[in-house]
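>>> Kindly return the folded structure for what I paste below:
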Amino acid sequence: MKQTKGQLLSKINKEARQLGLRAYGIQNCKSDYCIHVGFLARVAYIFETPQAVHALLKDARIPLRSAKQPGCSYVTGVGFVIPPDRIEGCQGITIPSGLLPSTPLPNDTTHKGNEALKIVKEMLLQGLFPMLWVQEIKEKDLQIRGEDILITLPSTKPKISIQVKCDYRAGQCKECTGNLFLQVAERNPLGKH
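Down below sits the predicted model:
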């Protein structure tokens, strides 16, 4: 069941108001790409930011879930939980073990976010993220015309912006959710960034 952008924003705003949160997240993110670092699964998921919003518009049944910052007894964020393969072009890249922290991360959002940022920066420097997107064409009419693979070159913009998120339990492992958490509303009571 599809929904319009207005319906999506209305749903987000209503949930945010009910919980006393600020509607801020994927729906108004200005980055070109998002990278969610799934520490437990040891995978970083990269996708074009507009594709995540498009996935939410394509299916109004994607559930909203609440989250709490460590040390808070109340909801500090709300987001949609969505399997990575529901976001067109989303790719999971294995994080090399040498980039992962050698000790368990403390239960602190700032520390986890900083670790995610360090991992993504190093993976970018090592050329581990695809900057050439290859997609198999599934539409029969395009295949009949002789188009089987679509290659998307990097943006022609002089700079590409990336939002990095620690999505600790994203991905596939025993302790993981199997989903990405696309935040759409938040409260930052502890002033963590």
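
>>> For this structure, give me the ranges with low pLDDT.
Applying pLDDT under 70 to the chain flags residues 131-134, 151-158, 188-193.

>>> Could you check how far the most centrally placed residue in it is from residue 183?
In the chain, the residue lying closest to the centroid (CA atoms, centre = their mean) is residue 36, at 4.8 Å. Residue 36 sits 10 Å away from residue 183, taking CB to CB, to the nearest Å as the criterion. C-betas here are computed from N, CA, C, even on glycine.

>>> And residue 177, by the same measure?
14 Å.

>>> Also residue 130?
24 Å.

>>> The two: which is more packed in?
Counted by other CB atoms under 10 Å, residue 130 and residue 183 do not tie: residue 183 has more neighbours, with 18 against 13.

>>> can I assume that one sits in a strand?
Yes - according to DSSP: H, G, I helix; E, B strand; the rest coil, residue 183 belongs to a strand.

>>> doesn't residue 79 make contact with it?
Yes - Residue 183 lies in contact with residue 79 (CB atoms under 8 Å); the separation is 4.1 Å.

>>> okay, and the common contacts of those two?
Common contact partners of residue 183 and residue 79 (CB atoms under 8 Å, 6 or more residues apart in numbering): 25-26, 67.

>>> all strands for this structure, in order.
33-38, 43-48, 64-67, 77-82, 91-94, 133-136, 149-152, 162-166, 180-186 (DSSP state E).

>>> Residue 21 is nearest to which of those?
strand 180-186 (4.0 Å; CB to CB).

>>> for that closest one, packing partners?
Contacts defined by 3 or more CB pairs under 8 Å, 6 or more residues apart in numbering; DSSP states H and E place strand 180-186 against helix 5-19, strand 64-67, strand 77-82.

>>> mind putting the ones you listed in TSV, mean neighbour count and distance to residue 143 included?
TSV is the format used below for the helices and strands packed on strand 180-186 (neighbours: other CB atoms under 10 Å; distance: least, CB to CB, whole Å):
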stretch	mean neighbour count	distance to residue 143
helix 5-19	15	31
strand 64-67	14	37
strand 77-82	22	28
